[in-house]
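# got a predicted structure here, sequence first:
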Amino acid sequence: MNIENLTHEELQTLHTLIGKALEEPKPKVYFDPVNKYIDDIIENFNWEKVLITMEALDWKWRGEAPSIDDLMNQAERLLRGAAESRLGAFKDTHWELGVINGTGGFQATAFCDETKTRITCLDLKFVVSEWDEGEPEE
């Protein structure tokens with residue numbers, strides 16, 4: 001290959017490709033178990049109990065009572081978001097800490113392995129009330 005015959009854009013592309021080839025390889029992030037975890041949660045979570053609770057409390061989303069499909073879709077979105085955040089934006093936090101993504105009463109938490117490349121656990125809760133008390137952190 002004679003680089004003298006390349007256009008300016010072709011030279012820039014070649015430079016970019018060579019730069020990428022010389023970069024250190026990044027550890028591969030495996031998302032394989034996430035879909036299975038989400039499917040299992042969606043299948044086994046007690047959606048009816050959540051809906052009954054929301055109806056009893058007159059709890060609405062955007063001014064409307066949600067359906068079970070709405071609950072499932074929101075939960076799936078939160079679970080995926082927690083998994084993506086755990087291996088992405090919050091990758092620098094200690095590996096044993098879960099990353100929580102929540103709204104509308106749902107709290108989705110994702111945990112990863114020690115290498116921070118694989119989700120090891122997803123957790124979904126519907127929280128009606130919670131209180132925490134303790135010493136202030138230093």
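Yes, it's here.
# use CA for all of it now, contacts and neighbours both
Noted.
# report the rounded mean pLDDT for whichever strand or helix holds Ile38.
Secondary-structure assignment from DSSP states H and E places Ile38 in helix 32-44. The pLDDT scores in helix 32-44 average 89.
# for that helix, give me every contacting residue.
Met72, Ala75, Glu76, Leu79, Arg80, Ala83, Ile119, Thr120, Cys121, Leu122, Leu124 (Cα atoms under 8 Å, 6 or more residues apart in numbering).
# inside helices: which ones of the residues you listed?
Judged by DSSP state H, the contacts of helix 32-44 include Met72, Ala75, Glu76, Leu79, Arg80, Ala83 as members of helices.
# tell me if I'm right that the fourth one and Thr109 touch.
It stands for Leu79. Yes - counting by Cα atoms under 8 Å, a contact exists between Leu79 and Thr109, whose distance comes to 7.0 Å.
# between these two, who's got more neighbours?
Using other Cα atoms under 10 Å, the more surrounded residue of Leu79 and Thr109 is Leu79, with 28 against 23.
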